[in-house]
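[1] Here's my sequence, what's the structure:
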Amino acid sequence: MVELKTDTSIDEMYRAGQVVARALTAVREAADVGVSLLELDEVARGVLRAAGAGSPFLGYRPSFAPTPFPAVICASVNDAIVHGIPTRQKLRDGDLVSIDCGAQLDGWAGDSAISFTVGAPRPDDVHLIETAERALAAGIAAATAGNRIGDIAHAIGTVCRDGGYGVPQGFGGHGIGRRMHEDPPVPNEGRPHRGMLLRRGMALAIEPMLIASGRDGYHEAPDGWTLRTNDGSRAAHVEHTVAITDEGPRILTAREN
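    Below you'll find the predicted structure:
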């Protein structure tokens, strides 16, 4: 069941989304060679705490997970696509890092992700991230009333495939509102003009995931959470929470930089 949000509810979701935006900005600023993933998680916790927000990630346990998630961010490095658990692992020069973060504030959720490099960037990584961001922008542009879920999926998938990148099947975006994960699912590849009709008041987390090699294969790491590319190639993940309004898509997790 899809809940249509009122304008007031969307404003409340924007407040939650801005907490996420600040947390991701702070994490990116703190990320450097020699900084551990656990330290980045502590940075995000501090932002949530200062805002009086909770974490929809911490303690989350979907049906596939062997244990509750132990952190407020997912920290996925290099060949990790999504759901990486923050550890004592320290960042190294040239690492490609994807950070996913959520916030729960006054009963509403926000969810967003960024990818970036640490130290001297590899040109291939820069292009991968730029393509992921273009795929996200294309998906957001398609999130207008009267379009369908397939239009978002097709827009994302077209950018990814035209760039020569793989798209991990079975993972993508989702509805969001009172809970982090709601209906409808938002695939990262699909046929245009198909699927659920998009209506004013819907809120979606749109999140492209790209694999550098062009292959789609991935596997679950022994921790039961992290998804890694089968061929060891690098991956990027970006995400925004978006509301469908009469004026077009409104990005609720927009960051200042």
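[2] show me what contacts D183?
    With contact taken as CB atoms under 8 Å, 6 or more residues apart in numbering, D183 is in contact with 1-2, 174-175. Just so you know, the C-beta spots here come from the backbone N, C-alpha and C atoms, and that holds for glycine as well.
[3] Can you turn the buried part of those into a ChimeraX selection?
    Here is the ChimeraX selection string for the buried members of those, based on 16 or more other CB atoms under 10 Å:
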select :2,174,175
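[4] any idea which of the contacts of D183 is closest to P187?
    Checking these against P187 with CB to CB, the nearest one is H174 at 10.1 Å.
[5] Locate that closest one within the secondary structure: which element?
    strand 173-175 (DSSP states H and E).
[6] Parallel or antiparallel, list what pairs with the helix or strand that that strand is followed by.
    Per DSSP H and E, the first helix or strand lying C-terminal to strand 173-175 is strand 182-186. Under the criterion DSSP bridges, strand 182-186 sits next to strand 173-175 (antiparallel) in its sheet.
[7] Please enumerate residues in contact with the strand it pairs with?
    Applying CB under 8 Å, 6+ apart, the contact partners of strand 173-175 are 2-3, 139, 152, 180-188, 202-207, 239.
[8] what about 7 Å?
    Applying CB atoms under 7 Å, 6 or more residues apart in numbering, the external contacts of strand 173-175 come out as 2, 181-186, 203-207.
[9] where in the protein is pLDDT low?
    When residues are selected by pLDDT under 70, those of the chain lie in 257.
[10] And the lengthiest helix in it, what does it pack against?
    Looking across the chain with DSSP state H, the single longest helix is helix 7-30. Contact here means 3 or more CB pairs under 7 Å, 6 or more residues apart in numbering; DSSP states H and E; on that basis helix 7-30 packs against helix 37-51, strand 96-105, strand 108-117, strand 240-245.
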